[in-house]
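*Asks:* Curious how this folds, go ahead:
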Amino acid sequence: MKTSFLFLGASALLALAACNTTPSQSSVSKGTSSEPPQVSSYSAEVSFSEDSEEDDTPTPMDNTHRTWYQLLVYSFADGAGNDGIGDFKGIVDHLDYLQDLGVGGLWLSPIHPAASYHGYDVKDYEAVNSVYEKGGVTFEKLLEECHKRDIKVALDMVLNHTSSDHPWRNSHRDWYSGETAFGGGMPDLNYDKGELRKEIKRICRNWLKKGVDGFRCDAAAWIYGGGGSWQVEQNTFQKSIAWWKEWSADMRAEKEDVYLVGEIYTDLQYIEQFYDSTMNAFNFSACYWARDAINNGNAANWVNEVVNHQNKVRSKYAGAIEASFLSNHDTGRFKSAMNIGSEVDLKFANGLNVISPGGSYIYYGDELGMTGSSNGWQDMSYRTPMPFAKGQTKPNNYMEGRDASTQTQSGKSADEDAKNANSIYSYTAKVARLKNEHPDLYSGKVGSLSSGSGDIGAYFVDGHHDYLVVINAGNQVREVQTTGEVALVGDLSTNGKIEANGGSYKIPAKSIMVLSAKGTVSINGSSASGSGDGDGAASYSFDGVVDENGSNVTQEVSGELKIHFFNAEQNFAKPTCYAWIDNNGPKYLGGWPGSEMTKNGLWYDITISHGAANVIFSDNGGNQTEDLHREKAGEYWFVPSNNGGSKLTGTWYKTNPNPTKK
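*Replies:* Numbering: from 1, shown residues only. From the prediction side, this is the model:
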């Protein structure tokens with residue numbers, strides 16, 4: 001069967017008959033635009049061949065293309081309930097929660113005996129940490145219960161280094177390189193030793209024989225050299241790739257459909273090179289692409305980044321499975337690290353992550369908009385307990401005596417959010433379940449149907465069944481029209497729903513639409529480009545009381561300051577706020593970049609617990625407000641009047657100016 005997808009602006013429709021397409025080629029042209037805002041019509045055309053039969057036979061889920069869930073065994077759930085430390089029973093007790101979320105695989109933090117709570121300094125690769133086998137649930141029982149639900153299990157294998165307490169330090173000291181990993185205490189192994197290579201492969205094969213479905217390989221870029229540095233040298237990196245290619249071949253000889261993924265925590269070019277190893281690699285850029293789509297309202301750029309990366313890795317390894325994520329145990333929570341305060345934005349971020357071609361990873365708690373805090377080392381602030389109503393762990397029992405707390409976006413438990421149809425959990429589950437019901441969204445070939453920029457982005461999926469994925473990253477409803485045989489199979493709106501009228505679809509802001517398609521299909525519409533998609537302050541009238549002269553604060557005070565930043569339909573990129581007082585020099589309040597802002601209709605809201613002499617807003621593009629004196633306490637509204645130059649300017653109000661559309 002031959003299928004064509006056409007993403008056309010209105011000006012391109014008349015030229016359709018004259019277009020000639022060739023297999024696996026696409027062309028994209030950007031149309032004219034007007035300012036402000038810039039609105040583009042763009043046209044694209046792609047045709048591709050499909051060898052599958054034209055029938056409605058469902059595509060079966062395979063054993064490797066899955067939505068994976070990363071959990072830290074020690075902080076997920078204490079099923080035995082006697083020591084505050086997570087265990088295998090705690091995981092089994094919550095498998096229904098994970099299955100309902102649409103999870104098809106678990107990545108478990110290291111389960112082996114180790115010197116530290118996190119498990120990355122392994123003392124015995126062939127044993128299981130006894131603290132996890134409580135309440136009658138062994139590792140074998142965990143595997144059995146997961147497999148009953150068609151949930152695969154991948155172990156975190158730390159093959160770059162061991163604990164300094166590993167017996168090999170005495171029996172096979174020549175198996176070590178003399179370097180140490182990541183802060184010391186974890187000596188690197190020497191993979192030039194043939195006996196070590198043989199032993200590592202034997203150990204991993206044995207885990208596969210026990211029923212393990214795959215491995216996540218820690219520090220995969222640094223098997224040779226590095227000594228814990230995040231920098232990668234090309235010559236040693238190529239040696240590492242050669243080793244993983246040898247190892248992965250051995251694993252596939254034991255288990256043909258084994259799932260293998262490596263940690264390549266470095267530049268994207270190295271991540272893409274790593275696929276020469278015939279393994280997969282985590283995409284450490286994906287979280288930034290999602291952040292930028294949210295902050296800039298630009299879906300087209302997101303589509304182009306994702307599709308280009310997917311096609312690059314598949315050109316290196318035909319079986320490549322893209323591995324995207326928003327957070328993990330090293331990078332920090334997406335909500336906190338990317339300063340995302342809106343529940344809609346967190347839903348949208350999870351949706352982009354899960355719908356991405358290939359596979360995706362959900363870090364435990366991201367489906368709740370989870371943050372964490374701890375009185376100690378930074379890593380512990382995003383390894384905090386999963387907030388289950390029953391079985392919540394106690395971090396001071398395993399995090400080396402440090403306590404920590406957990407917050408979710410809703411402020412409620414995971415169990416409550418799982419029952420709330422409007423929660424981040426329920427939205428994430430909706431996306432994951434849709435992808436499970438249409439597995440070609442995991443494994444099909446993809447191609448971009450987007451121009452260089454715009455709040456609407458689209459890509460096609462060429463599989464046994466074909467799909468068109470359309471994304472609206474802006475803050476306004478966008479309408480697209482289609483012709484041909486299409487059907488709405490996925491309404492992934494974060495708020496509201498897609499309105500379908502024949503071949504016309506109105507897509508709510510920050511939402512995703514999935515269409516099934518057959519034959520020749522066209523889609524056309526317009527897309528706003530730039531950092532916003534709608535009206536700025538000039539399109540509104542204001543009637544508040546202007547605050548002309550704020551008072552300078554000369555010492556630290558306890559008065560609370562509330563500020564509202566007018567943002568219209570995101571005519572400005574999401575700002576951050578900085579505040580300090582004058583007291584023999586600046587003193588920053590709330591750390592840098594200060595306090596978190598949250599979206600509230602036309603405004604961004606911020607509460608500063610201290611008074612402030614100067615307040616600066618940044619639009620994430622280098623532009624800032626003037627240093628504006630404010631009183632030590634009270635509530636103020638700021639309406640910016642420009643979005644260019646070295647400084648943002650605007651008007652302060654002492655009362656709500658009640659903006660109304662002109």
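*Asks:* do you know how far the residue nearest to the spatial centre of the chain is from Met370?
*Replies:* The centre of the chain sits closest to Leu326, judged by Cα atoms, centre = their mean, with a distance of 2.1 Å. To Met370, Leu326 is 11 Å away according to Cβ to Cβ, to the nearest Å. All C-beta spots, glycine's among them, are computed from the backbone N, C-alpha and C.
*Asks:* ok, now Asn600?
*Replies:* Asn600 is 21 Å from Met370, where distance means Cβ to Cβ.
*Asks:* With Asn170 instead?
*Replies:* Distance from Asn170 to Met370, counting by Cβ to Cβ: 42 Å.
*Asks:* With neighbour numbers in mind, choose between these two.
*Replies:* Met370 (27 against 8; other Cβ atoms under 10 Å).
*Asks:* Can you give me every residue that contacts Asp100?
*Replies:* Asp100 makes contact with 418, 429, according to Cβ atoms under 8 Å, 6 or more residues apart in numbering.
*Asks:* And it, its phi and psi?
*Replies:* phi -60, psi -30 (degrees, to the nearest 10).
*Asks:* and the residue lying closest to Ser327 once chain neighbours are set aside, how many neighbours?
*Replies:* Distance criterion Cβ to Cβ, 6 or more residues apart in numbering; nearest residue to Ser327, sequence neighbours excluded, is Tyr363 at 4.0 Å. A count of nearby residues for Tyr363, using other Cβ under 10 Å, gives 24.
*Asks:* Residues touching the helix or strand in which Thr428 is found, excluding its own?
*Replies:* Secondary structure assigned from DSSP states H and E places Thr428 in helix 424-437. For helix 424-437, contacts defined as Cβ under 8 Å, 6+ apart pick out 61, 67, 100-104, 343, 346-347, 350-351, 354-355, 362, 366-369, 409-410, 414, 417-418, 420, 441-442, 489-490, 492, 494, 512, 514.
*Asks:* related to what we said a few turns ago, on the strand side of things, show who the residue nearest to Ser327 bridges to.
*Replies:* Counting by DSSP bridges, Tyr363 forms beta bridges with Gln70.
*Asks:* now it: how far from Ala337?
*Replies:* Tyr363 is 11 Å from Ala337, by Cβ to Cβ.
*Asks:* can you list residues touching both of these two?
*Replies:* Shared contacts of Tyr363 and Ala337, counting by Cβ under 8 Å, 6+ apart, come down to Ser327.
*Asks:* In the stretch 101-250 of the chain, where is pLDDT below threshold?
*Replies:* Low-confidence segments of the stretch 101-250 of the chain, defined by pLDDT under 70: 183, 226-230.
*Asks:* What segments of it are helices?
*Replies:* Taking DSSP state H, counting those that start in this stretch, the helices of the stretch 101-250 of the chain run over residues 139-148, 168-171, 194-209, 234-254.
*Asks:* Select, out of those, the one closest to Asn656.
*Replies:* Asn656 lies closest to helix 139-148 among these, at 53.4 Å (Cβ to Cβ).
*Asks:* which residues sit against that closest one?
*Replies:* Here helix 139-148 has contacts from 88, 91-92, 95, 106, 111, 128, 132-133, 137, 152-153, 210-212, using Cβ under 8 Å, 6+ apart.
*Asks:* neighbour-wise, which of the residues you listed leads?
*Replies:* Taking other Cβ under 10 Å as the neighbour criterion, Phe88 ranks highest of these with 28 neighbours.
*Asks:* how close does that residue get to Val128?
*Replies:* Distance, Phe88 to Val128, by Cβ to Cβ: 9 Å.
*Asks:* Identify the contacts common to these two.
*Replies:* Joint contacts of Phe88 and Val128 (Cβ under 8 Å, 6+ apart) are 138-139.
*Asks:* For Asn298, give me its contacts.
*Replies:* Residues counted as contacts of Asn298 (Cβ under 8 Å, 6+ apart) are 292, 453-455, 457, 473, 529.
*Asks:* I'd like to know which of those residues are buried.
*Replies:* Buried members of those, scored by 16 or more other Cβ atoms under 10 Å, are 292, 453-455, 457, 473, 529.
*Asks:* Inside helices: which ones of those?
*Replies:* If you go by DSSP state H, the buried ones among the contacts of Asn298 have Asp292 in helices.
*Asks:* Pick the one among the buried ones among the contacts of Asn298 closest to Pro385.
*Replies:* Closest to Pro385 out of the buried ones among the contacts of Asn298 is Asp292 (30.9 Å), distances taken as Cβ to Cβ.
*Asks:* Could you pull up the residues touching the closest one?
*Replies:* Taking Cβ under 8 Å, 6+ apart, we find Asp292 in contact with 298, 301-302.
*Asks:* what do you get for Cys287?
*Replies:* 325-327, 331, 334, 337-338 are the contacts of Cys287 under Cβ under 8 Å, 6+ apart.
*Asks:* And for Phe237?
*Replies:* Contacts for Phe237 (Cβ under 8 Å, 6+ apart) come out as 221, 224, 270, 273.
*Asks:* Scan these and report the most crowded one.
*Replies:* Highest neighbour count within those, by other Cβ under 10 Å: Ala221, with 28 neighbours.
*Asks:* Tell me how far that residue lies from Ala281.
*Replies:* In this structure, Ala221 and Ala281 are 9 Å apart, going by Cβ to Cβ.
*Asks:* that older thread, touching, the residue nearest to Ser327 and Gly332? I think so.
*Replies:* No: under the criterion of Cβ atoms under 8 Å, Tyr363 is not in contact with Gly332, lying 9.7 Å apart.
*Asks:* Tell me, what's the model's pLDDT at Val486?
*Replies:* Val486 is assigned 88 on the pLDDT scale.
*Asks:* Let me see the mean pLDDT of stretch 448-460.
*Replies:* Stretch 448-460 shows a mean pLDDT of 83.
*Asks:* Now name the helix or strand holding Ser373.
*Replies:* Using DSSP H and E, Ser373 falls in strand 371-374.
*Asks:* Off-centre distance for the following helix or strand past that strand?
*Replies:* Downstream of strand 371-374, the first helix or strand assigned by DSSP H and E is strand 404-407. Strand 404-407 sits 21 Å away from the centroid of its parent chain (Cα atoms, centre = their mean, to the nearest Å).
*Asks:* for stretch 655-662, same thing?
*Replies:* 36 Å.
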